[in-house]
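Novice: Predicted model and sequence follow; I will ask about them next.
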Amino acid sequence: MKKVVITGSNGLLGQKLVKLFLSKAGYEIYALSRGPNRLHDKKGYTYINIDLSDDRTLDHCLSEIGPDLIIHTAAMTNVDACELDQVLCDKMNVELVRHLTSFCKKHQVRLIHLSTDFIFDGTKGDIYKEEDKPNPVNHYGMSKLKSETVIREAGIDHAILRTILVYGLVDGNDRSNIVLWVKKSLEDKKHINVVTDQLRMPTLVDDLAEACWLAVKHDAKGVYHVSSSELMSIYEIALAVADVFGLDKKYIHPVGTEALSLPAKRPWSTGFDLNKSVKEINLPSYSFIERLQVFKDQVDKL
Ligand SMILES: NC(=O)c1ccc[n+]([C@@H]2O[C@H](COP(=O)([O-])OP(=O)(O)OC[C@H]3O[C@@H](n4cnc5c(N)ncnc54)[C@H](OP(=O)(O)O)[C@@H]3O)[C@@H](O)[C@H]2O)c1
């Protein structure tokens, strides 16, 4: 049995990963997150309520488990909150990673880490390859870039999966994501302003969890891009949500990013070149629309 630790198991990706690893043979799963376990299914794994930013508690916990693999999904993920509290952001997104990395080095543990398209400035005018030069435009992106550097420089066995605008269903979590937000707003007949000048390749959380599994299975090393395959504006994404769920588009209003006056800057266009991931870990290539239909099927079954 291999022991796998999944950090941030209460989050969007963490929950899916716990479920996915439960369906695979040969893993003893330790799910680490703060507060009560939000997953409805509580059997077949060990949940540990922990503040991951407390180094001593984390060390003690990991030493007790003795993991073979850590999949680190926990992070401060609210981009504007990161801009407003940069100290907390660095503590969670950089210092925690530094700490995990030294644990992994000392005990020869493999680390799968999650990173973001926001390490890029979005001005390339084309999709990004793994080796393209990063240049974050906000503090969140800067913190995740630093986390990548910390891991790379530590020389541990690792893979870093960068992803884009993740959406999906989670148990007991009132935190929203782009698709749920648009769907709920339109159902509530609420007018929403949606930006036309940010281009993304949104990622269904199930596909991201599968990519983490593929990275484990293929013993992937280095950086990999994971997203859907077509670049769309967030406005176009919202229109597609309305189409697939049969909701009224008249509540969706196109605006420019500046009109929202958000604390953190956003990169313009951050699509990924997926060739390396397709070749090396057999990442399936899906369009957003195709996966949105899968997401709708999940919602319909609730
Ligand atoms: N979501 C996206 O669009 C996106 C895009 C690009 C990259 N990523 C990266 O992908 C990874 C997973 O993202 P996600 O969307 O699954 O994030 P998420 O839903 O925000 O989940 C993160 C989880 O970590 C937990 N956590 C945060 N600080 C903690 C602490 N000090 N102690 C214990 N638990 C803590 C959170 O707890 P609470 O629930 O209590 O806050 C949350 O359950 C992150 O590394 C993120 O940077 C995400």
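Specialist: It's in.
Novice: distance between stretch 135-153 and the chain's centre?
Specialist: Using CA atoms, centre = their mean, to the nearest Å, the mean C-alpha position of stretch 135-153 is found 15 Å from that of the whole chain.
Novice: list the buried ones in that stretch?
Specialist: By 16 or more other CB atoms under 10 Å, the buried positions in stretch 135-153 come out as 136-148, 150-151. In short, each C-beta sits where N, CA and C put it, glycine included.
Novice: For it, give me every contacting residue.
Specialist: Contact with stretch 135-153 is made by 75-77, 79, 82-83, 86, 89-90, 93-94, 97-98, 101, 111, 113, 115-116, 118-122, 134, 158, 160, 223, 264-267, as judged by CB atoms under 8 Å, 6 or more residues apart in numbering.
Novice: Over to stretch 286-302?
Specialist: By CB under 8 Å, 6+ apart, the residues outside stretch 286-302 that reach it are 167-169, 179, 183, 201-202, 204, 206-207, 228-230, 232, 237, 240-241, 244-245.
Novice: repeat that with 6 Å
Specialist: Surrounding stretch 286-302, the residues in contact under the criterion CB atoms under 6 Å, 6 or more residues apart in numbering are L169, P202, L204, S228, S229, E230, A240, V244.
Novice: List the buried residues in it.
Specialist: Neighbour-count burial for stretch 286-302 flags Y286, F288, R291, L292, F295, K296 (criterion: 16+ other CB under 10 Å).
Novice: and these, which of them are in helices?
Specialist: Using DSSP state H, the members of the buried residues of stretch 286-302 that fall in helices are F288, R291, L292, F295, K296.
Novice: Including pLDDT, could these go into TSV?
Specialist: Output for these, formatted as TSV (pLDDT from 0 to 100):
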residue	pLDDT
F288	97
R291	98
L292	97
F295	97
K296	97
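Novice: Which two among those are spaced furthest apart?
Specialist: Maximum pairwise distance among those (CB to CB): 12.3 Å, between F288 and K296.
Novice: What segments of this protein are helices?
Specialist: Under DSSP H, the chain gives helices at 12-22, 55-65, 79-84, 86-90, 96-107, 139-154, 178-187, 205-217, 234-245, 275-281, 288-300.
Novice: So what sits opposite A159 in the bridge?
Specialist: As for beta bridges, A159 partners with I112, G222 under DSSP bridges.
Novice: which among the contacts of stretch 135-153 are in contact with the ligand?
Specialist: Among these, proximity to the ligand is found for A75, T77, T116 (CB under 6 Å from any ligand atom).
Novice: Out of these, which sit inside strands?
Specialist: If you go by DSSP state E, these have T116 in strands.
Novice: Name the nearest of the ones next to the ligand among the contacts of stretch 135-153 relative to R175.
Specialist: Of all these, R175 sits closest to T77, with 9.0 Å by CB to CB.
Novice: Quick one, which of the contacts of stretch 135-153 are buried?
Specialist: Among the contacts of stretch 135-153, those scoring as buried are 75-77, 79, 82-83, 89-90, 93-94, 97, 101, 111, 113, 115-116, 118-122, 134, 158, 160, 223, 264-267 (criterion: 16+ other CB under 10 Å).
Novice: Could I get the contacting residues of the residue in the chain that the ligand sits nearest to?
Specialist: Residue of the chain nearest the ligand, by CB to the nearest ligand atom: G11 (1.9 Å). Going by CB under 6 Å, 6+ apart, G11 touches T73.
Novice: hang on, L22 packs against G44?
Specialist: Yes: between L22 and G44 there is a contact at 5.1 Å, judged by CB atoms under 6 Å.
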